[in-house]
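Trainee: need a 3D model of the sequence below.
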Amino acid sequence: MILKGFKENSIKKHLQAILKNPKGTSKAQMVESVGVIVNADEETNLETFKSLTKSLQILPSKLKIVAFSETMNQDLMSWQTCFSADDIGWKGVIKNTELLTFLNTEFDLLISYYKTDILGLKLMTAKSKAHFKTSIFQEDNRLNDLIIQTPLNDFDAFESELLKYLQVFKTLKNET
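Mentor: Okay, the predicted model is just below:
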């Protein structure tokens, strides 16, 4: 238990270091690829995210989803990639190769769709190399470029608000 506490503190320090020195990747550009980070213990409907590809006019193959779960069970096999706290080592080192590939992908848009304050989820959002990050999570506004305050169970409201902001930023394909 003591080692677990030390490990968590080392991850927190790593997260704080990332947030203190942002790399300046925040640039709104045409949305052609989307990454999604979800808490599988909160959200289990994968289809809601797949419907987003139609609204954003991107190919379904350009949508990548990773799910975090504290209880890795068989129901999570429908997710493309699932990870847990065990996939994060000391100082925030990622031990899962699929997760590492996701984090190194330069998505045009990253959606962090979770409400629970979990260190692993925050670390994944911070480590992502996405160009523009949006979320419904409001605990730390340094993690995201845009926070849309909607209830977790109202994805339609989130999608509607997201599309409005992307139109303002002129990042949708049908915008000129």
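Trainee: please make it C-alpha for all contacts and neighbour counts, starting now.
Mentor: Will do.
Trainee: contact partners for Asp117?
Mentor: Glu139 (Cα atoms under 8 Å, 6 or more residues apart in numbering).
Trainee: so it versus Glu106, what's the distance?
Mentor: Here the criterion is Cα to Cα, to the nearest Å. By it, Asp117 lies 24 Å from Glu106.
Trainee: going along the chain, name the strands of this structure.
Mentor: 34-39, 63-68, 81-83, 109-113, 133-135, 146-147 (DSSP state E).
Trainee: show me how far the helix-or-strand element of the chain with minimal mean pLDDT is from its chain's centre.
Mentor: Of all helical and strand segments in the chain, the minimum by mean pLDDT, DSSP states H and E falls on helix 2-20, at a mean of 80. Offset of helix 2-20 from its chain centre (Cα atoms, centre = their mean, to the nearest Å): 19 Å.
Trainee: can I get the CA coordinates of it in CSV?
Mentor: Only the C-alpha atoms of helix 2-20 are listed here, as CSV (Å, rounded to 0.1, in the frame of the first residue of the first chain):
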residue,chain,number,x,y,z
ILE,A,2,2.8,2.4,0.8
LEU,A,3,4.4,1.8,-2.6
LYS,A,4,1.1,2.4,-4.3
GLY,A,5,0.9,5.8,-2.6
PHE,A,6,4.5,6.7,-3.7
LYS,A,7,3.7,5.6,-7.2
GLU,A,8,0.6,7.8,-7.2
ASN,A,9,2.6,10.8,-6.0
SER,A,10,5.2,10.2,-8.7
ILE,A,11,2.4,10.2,-11.3
LYS,A,12,0.9,13.4,-9.8
LYS,A,13,4.2,15.1,-10.0
HIS,A,14,4.6,14.1,-13.6
LEU,A,15,1.2,15.4,-14.4
GLN,A,16,1.9,18.7,-12.8
ALA,A,17,5.1,19.0,-14.7
ILE,A,18,3.3,18.4,-18.0
LEU,A,19,0.6,21.0,-17.1
LYS,A,20,3.2,23.6,-16.1
